[in-house]
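Participant: how would this look folded up:
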Amino acid sequence: EVQLVESGGGLVQPGGSLRLSCAASGFTFSRNDMTWVRQAPGKGLEWVSRINIVVGSTSYGDSVKGRFTISRDDAKNTLYLQMGSLKPEDTAVYYCAKWGLGTVDYWGQGTPVTVSS
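Facilitator: This next block holds a predicted model:
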């Protein structure tokens, strides 16, 4: 059974940093592209970042480019999202997701991030 469990969310002040983790199990983590997606209160899903199985191949949404860094530890089956220079508009539930056969096929339960003073 595929499982994706996010952690690391919480309340942070504007300008602060936070690192999200996503523990993966039930599939061969190292053979799958992974992604982070977020949903702000009352809004739709927004793609944040993607990391491919090709080492060093990452991409970011324009709203987070230069502030967030996605990474993975294949030995630990864990995906990360390092978030810096956080803004109130980064407030959202953050989900990690697995790519399979050209589409996202599994999602985690999400971890909430609130950026507020």
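
Participant: hang on, residue 58 packs against residue 52?
Facilitator: Yes. With contact defined as CB atoms under 8 Å, residue 58 reaches residue 52; the gap is 7.4 Å. For every residue, glycine as well, the C-beta is placed using N, CA and C.

Participant: and the residue nearest the centre of the chain, what's its pLDDT?
Facilitator: In the chain, the centroid-proximal residue (CA atoms, centre = their mean) is residue 36; its distance is 3.1 Å. For residue 36, the model assigns a pLDDT of 98.

Participant: show me the contacts for it.
Facilitator: 20, 22, 48, 49, 50, 70, 79, 81, 94, 95, 96, 97 (CB atoms under 8 Å, 6 or more residues apart in numbering).

Participant: make CSV out of those and add neighbour count and secondary structure.
Facilitator: Listed next are the contacts of residue 36 as CSV, based on neighbours: other CB atoms under 10 Å; DSSP: H, G, I helix; E, B strand; the rest coil:
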residue, neighbour count, secondary structure
20, 24, strand
22, 26, strand
48, 24, strand
49, 23, strand
50, 19, strand
70, 21, strand
79, 28, strand
81, 26, strand
94, 23, strand
95, 22, strand
96, 29, strand
97, 22, strand
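
Participant: how many residues are close by residue 98?
Facilitator: The number of residues packed near residue 98 is 21, by other CB atoms under 10 Å.

Participant: for it, what are phi and psi?
Facilitator: When read as degrees, to the nearest 10, the backbone of residue 98 gives phi -110, psi 140.

Participant: brilliant, that's me finished.
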